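Novice: Return atomic coordinates for the entry below.
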Amino acid sequence: MSYILGDITLPNPKGFERETIEKGITLETLDGTTKKDIIQRKERYYLNYEQLTQTEIANILSEYNLKTIRNFTVAEANLTITSTPVHIDIMRRAYNTPGNEYREDIVLILTEKK
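Specialist: Okay, here's the model as predicted:
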């Protein structure tokens, strides 16, 4: 059971969401019917992490700092996402335990390349 991004295995997220993004247009005709012309659909994945160590953050940033498309795969008992090329974004980074050991909360946004 794992979440893989590029060359690293991600820790299991505290929260995982996915969003479908559609490019297209919706038209309403004169007779009142609605038609939808969809050009493209792709997925966006949100991975929420809490209290990651600086080593775990460094691993994630190593993929993020490549500034290129990376493959994302999920192989869980009840969820499988085959290798999908994604763009990596970081929504936010929060330091929730300052002091001797900084632990971070981070939200990764992975958007399919399509």
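
Novice: Parallel or antiparallel, which strands does the lengthiest strand in the chain pair with?
Specialist: Secondary structure of the chain per DSSP state E: the longest strand is strand 34-52. Paired with strand 34-52 in the same sheet, following DSSP bridges, are strand 15-28 (antiparallel), strand 104-112 (antiparallel).

Novice: For the first one, give me every contacting residue.
Specialist: Spelled out, that is strand 15-28. Contact with strand 15-28 is made by 34-48, 111, as judged by Cβ atoms under 8 Å, 6 or more residues apart in numbering. Where you see a C-beta, it was placed from the backbone N, CA and C, and this is true even at glycine.

Novice: and what of the shortest one?
Specialist: For strand 104-112, contacts defined as Cβ under 8 Å, 6+ apart pick out 5, 21, 42-52, 54, 57, 60, 72, 84-96.

Novice: what do you get if the cut-off is 6 Å, keeping everything else the same?
Specialist: Contacts to strand 104-112, defined as Cβ atoms under 6 Å, 6 or more residues apart in numbering, come from residues 42-50, 52, 57, 72, 84, 86-87, 89, 91-96.

Novice: Could you check how far Asn100 is from Thr55?
Specialist: As judged by Cβ to Cβ, to the nearest Å, Asn100 and Thr55 stand 15 Å apart.

Novice: For Glu19, give its distance to Thr73.
Specialist: The gap separating Glu19 from Thr73 is 18 Å, by Cβ to Cβ.

Novice: what about those two, which has more around it?
Specialist: Between Glu19 and Thr73, counted using other Cβ atoms under 10 Å, the more crowded position is Thr73 (15 against 11).
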